[in-house]
Every structure is written in C-alpha cells, then in structure tokens.
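Visitor: with the sequence up front, the predicted model follows.
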Amino acid sequence: MSSGCRIRQRPRSRLAALSLVVAATGCATSPYDRAWVSRELASVAAPLGPEASEGPSLPPGVGAAEEVDESTAVAIALWNSAALQADMAQLGVSRADLAEAGALPNPTFSLLLPVGPRTIETTLLLPLMALWQRPARVAAARLQVEQVARGLVQNGMDLARDVRVAHAEWVRAEERCEALDELAALWKRTAELVEVRFQAGDASQMEVATFRAEARTADDNAQRARTDVLLAREKLRLLMGLASSPLLENVRPLAGTREVRPLRPLPDLVQLALAARPDVRAAELGIQGAGERLGWEQTKIVNLLARLDTKPTTTATGSTSLWVPGAQMELPIFNWNQGGVGRAEAELARASSRYLLLRQQVSNEVLTAHAQVVQAARSLEAFETTILPELTTASDRARKAFEAGDLPYLQVLDTLRRLADARLRTLELEADLRRALAQLDRGLGKHGVAHE
C-alpha cells in the first residue's frame with residue numbers, strides 16, 4: 001500500500017519540480033516602457049500624448065489662446081506628433097524581443113508505438129543549455145529595451161528643437177512682415193511727396209519714376225512677407241500635429257523673454273552634454289548589449305539536452321515503467337558557431353566606434369551652437385544699441401531735409417535702404433539667437449541649463 005502511494009506521488013513531485021523551473025525562469029520585464037519615456041520627456045520638455053487618439057488635442061493645462069510661445073508649441077507637439085508616436089512602436093518591438101529572449105524552448109516529447117516485439121517507449125528532451133544561456137539573452141534584450149527607450153527620449157528632444165526653431169522662424173516672419181509693411185508705407189509717402197514736388201517743378205520725371213518703382217518694390221516685398229508668415233505658421237502647425245485641425249488656427253506667435261544670464265563656460269557645457277544626452281547613454285548601452293550578445297554566442301558552441309526515457313518493464317511485483325535519465329549533447333566538431341561569434345564581435349567593435357564618434361559629435365555640436373549663440377548675441381547687441389539707433393536718426397534727418405528741399409533724393413534713398421537693411425538684419429539676428437539657443441539646449445540634452 002505504501003509502495004503504491006509512493007508510485008502515485010511521483011508524478012506530483014515531478015510536476016512540482018517542473019513548476020519550480022518555470023517559476024525560476026519567469027517572464028522577463030523591463031521598467032523602460034512608454035510611461036518612462038513620457039516621464040523623461042516631461043522632465044526636459046513636456047510629456048507624451050495618449051497612445052491612441054482620434055485626433056489632435058491640446059495637452060492638459062493648455063487652453064485656447066490668442067498667442068503661442070515656444071514652450072506651449074513644444075508641449076502641443078509632443079502631445080500630438082504622429083512621427084513620435086510612430087517611433088514609439090520601436091519600443092514595443094524591443095519589449096517583444098525581451099519577452100522572446102526570456103521564453104524557454106518547449107521540451108521535445110517523442111513516442112514510439114509498440115509494433116511487433118517492440119514495447120511502447122517515450123522520450124522527453126529538455127534543453128539545458130537554454131537555461132544556461134537565458135540570463136545572457138535576457139540581459140542583452142533588457143539593455144536593448146533601455147537603449148531604444150533612451151533613443152526615443154532623444155527623438156522627442158529633437159522634435160522639441162525643431163519646434164523651437166520653427167517657432168523662431170514664425171516670430172521672425174511676423175516681425176519681418178510688420179517691418180516691411182512700415183517700409184512700404186514709408187516709400188509710398190515718399191513717392192507721393194516726390195510727385196507733389198514734381199507738380200511744383202522741384203523734381204524731375206526720373207525722380208518720380210525712381211521713387212514710384214521703389215514704392216512698388218517695397219509693396220511687393222510686403223506681400224511676399226505675408227506669404228512667408230503663412231508658410232512659417234503652417235510648418236509649425238505640422239510639427240505640432242495640428243495641420244488638419246481647427247485648433248489654434250488663428251493664433252499669433254509670442255516671442256519669449258530674452259535670457260540675460262551669461263552662458264556657462266564651454267568645457268562645462270561639453271561635460272554636461274556628455275553626461276545628460278540620452279543618445280550618449282544609449283550608445284553606452286549598445287556596447288554593453290553587444291558584449292552580452294558576444295558572451296551568449298560563445299556559449300552556443302555546445303548544445304546539451306537532458307533526456308528522460310520511459311520503458312515498460314516486468315519485475316517480481318508486477319509490471320511498471322522504468323524511468324531512465326540521461327543526457328544528449330551535440331559534439332562541436334564541425335560547427336563552433338564561428339559565424340555567430342564573429343558577428344557579435346563585429347557588432348561590439350561597431351558599437352564601440354559609434355560611441356566614440358557620438359562623443360566627438362556631441363562635443364562639436366555644443367561647440368558650434370555655443371559659438372553661434374555668442375556671435376548672434378554680440379551682433380544683436382551691436383545692432384540694437386548702436387547701429388539701428390544711429391541709422392534711424394540719420395534716416396529721420398535725411399527725410400526732413402528732403403521735405404525741406406535741402407537734400408537730393410539719392411541721399412534719402414540711400415539712408416532709407418540702410419535703415420531697412422538694419423531693421424531686417426536685427427530681426428534675422430534675433431531669429432539666429434533663438435535658433436542657436438534651441439540647438440544648444442538640444443546639444444546639452446536638457447532645456448534651460450546653458451546659462452549660469
């Protein structure tokens with residue numbers, strides 16, 4: 001009776017052992033999911049929008065307004081961008097690869113039917129090397145998930161940079177349009193004044209034709225500037241994901257306040273970028289993942305299987321089943337997995353070279369953006385404090401002298417052109433400064449840390 005009880009309990013003990021094996025090799029997971037990417041982006045710019053959305057919408061805390069600044073534009077873009085949502089699919093693929101890496105191959109069961117003198121036989125093969133290789137596979141897959149997640153954070157920062165640049169272009173287009181409208185009105189009044197003087201015999205027909213042509217040219221430039229405003233606005237709306245939406249259809253850009261604090265020293269900015277950039281960390285993870293894959297490929301030289309055979313047998317106490325444990329191994333005589341190991345070594349070398357190249361690119365990006373910010377700020381200060389006021393004063397004096405008949409029209413024309421060029425150049429420098437700051441923040445991997 002006790003022997004029979006032991007026989008009945010054996011299947012239960014085997015099932016319990018199998019359950020322990022399955023529990024020990026449970027599903028592989030990673031904390032780097034969509035929520036993590038959204039939190040990281042929220043810490044440097046703004047959070048992601050919902051994964052499934054019927055159409056564009058405004059993020060929480062952003063309502064309908066008459067003006068949009070660059071931070072609001074960035075928040076709307078990260079909330080609605082279809083391109084960023086498409087990139088997020090890469091994270092789902094990498095997490096599926098992680099689940100596949102954590103899964104064990106199913107055991108192989110074979111059955112030989114009793115034919116003739118042969119008795120029924122069963123065989124169960126369990127891949128032991130899969131258990132041995134699983135930690136390396138899972139570690140490499142986890143690193144790949146984190147690498148993809150940090151790369152997506154970098155993609156979000158790139159989108160934020162593009163939005164800030166597009167917003168700066170929109171601001172420049174609006175201000176340029178206003179400046180050209182004022183200039184066109186000035187040329188129109190000057191042309192009318194020349195016609196009056198011509199009627200009085202104080203101006204020639206050539207002067208009238210010249211000023212009339214200049215007035216028409218200024219008016220055409222103003223018309224083209226209005227088109228530039230429309231194009232700049234639609235480009236920004238496309239980046240914000242509002243191209244086919246009535247949301248914020250008639251808003252105007254709002255230029256932010258200019259930063260007055262000095263920039264950090266260039267060496268500090270480079271070190272900050274190398275420590276904070278998500279793509280730099282992703283490249284480091286690429287090296288670690290390649291190393292894990294190399295170790296995994298090296299263990300694939302040998303394939304060991306646990307074997308368990310059952311055969312019916314007859315003893316003095318009656319018929320029973322004989323359980324015969326054993327092992328089955330492939331002999332690595334011809335195939336040493338040279339291809340897999342060589343490919344993993346090449347991937348490790350490529351990941352290392354890419355990491356070194358990326359560090360050089362980061363340093364160059366920060367250096368270039370820093371130089372552009374410094375130059376744009378210096379030039380803008382010169383135009384605003386010296387050049388533009390002096391040209392404005394000279395233009396007012398020339399116009400008054402011309403109206404009084406004390407100055408020929410050629411000198412008036414020259415001063416007007418110089419003033420117009422200076423005003424447009426000032427607007428270009430403001431846009432250059434905003435673009436350079438957006439590029440510098442992207443190069444640093446964090447917004448608002450470039451200044452002391």
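Guide: That came through, no problem. Owing to the predicted nature of the structure, the values given are computational and were not obtained by experimental measurement. Numbering: from 1, shown residues only.

Visitor: list the contacts of stretch 196-209.
Guide: Counting contacts by CB atoms under 8 Å, 6 or more residues apart in numbering, the residues outside stretch 196-209 that touch it are 191, 194-195, 405, 409. (Each C-beta comes from the backbone N, C-alpha and C, glycine too.)

Visitor: and the strand or helix carrying residue 160, how far from the chain's centre?
Guide: Element membership for residue 160 (DSSP states H and E) is helix 128-199. When distances are taken as CA atoms, centre = their mean, to the nearest Å, helix 128-199 is centred 12 Å away from the chain's centroid.

Visitor: show me which residues of stretch 266-279 are buried.
Guide: When neighbours are counted by 16 or more other CB atoms under 10 Å, the buried residues of stretch 266-279 are found to be 269-270, 272-274, 276-279.

Visitor: how about stretch 123-142?
Guide: Counting neighbours by 16+ other CB under 10 Å, one finds that the buried residues in stretch 123-142 are 123-131, 133-142.

Visitor: stretch 60-79 now?
Guide: Judged by neighbour count using 16+ other CB under 10 Å, the buried positions of stretch 60-79 are 62, 68, 70-79.

Visitor: and stretch 139-159, by the same measure?
Guide: Of all the residues in stretch 139-159, those buried under the rule 16+ other CB under 10 Å are 139-157, 159.

Visitor: following the lowest-mean-pLDDT helix or strand in the chain, which helix or strand comes up?
Guide: The weakest-scoring helix or strand in the chain, judged by mean pLDDT, DSSP states H and E, is helix 2-24 (a mean of 44). Using DSSP H and E, the helix or strand that directly follows helix 2-24 along the chain is helix 34-44.

Visitor: can you give me the buried ones in that following helix?
Guide: Within helix 34-44, the residues that qualify as buried are 36-38, 40-41, 44, counting by 16+ other CB under 10 Å.

Visitor: CSV for those, including distance to residue 391?
Guide: As requested, the buried residues of helix 34-44 are exported to CSV (distance: CB to CB, whole Å):
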residue, distance to residue 391
36, 54
37, 50
38, 50
40, 48
41, 44
44, 41
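
Visitor: can you redo those as a markdown table with pLDDT and distance to residue 181?
Guide: Below are those laid out as a markdown table (pLDDT from 0 to 100; distance: CB to CB, whole Å):
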| residue | pLDDT | distance to residue 181 |
| --- | --- | --- |
| 36 | 92 | 49 |
| 37 | 92 | 44 |
| 38 | 91 | 43 |
| 40 | 90 | 44 |
| 41 | 90 | 39 |
| 44 | 84 | 38 |
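
Visitor: quick one on the thing from earlier: per-residue confidence averaged over the helix holding residue 160?
Guide: In this model, helix 128-199 has a mean pLDDT of 88.

Visitor: which helix or strand lies directly C-terminal to it?
Guide: Assignment by DSSP H and E places the next element after helix 128-199 at helix 205-239.

Visitor: got the angle between that following helix and helix 128-199?
Guide: 160 degrees (axes from the mean of the first three to the mean of the last three CA atoms, to 10 degrees).
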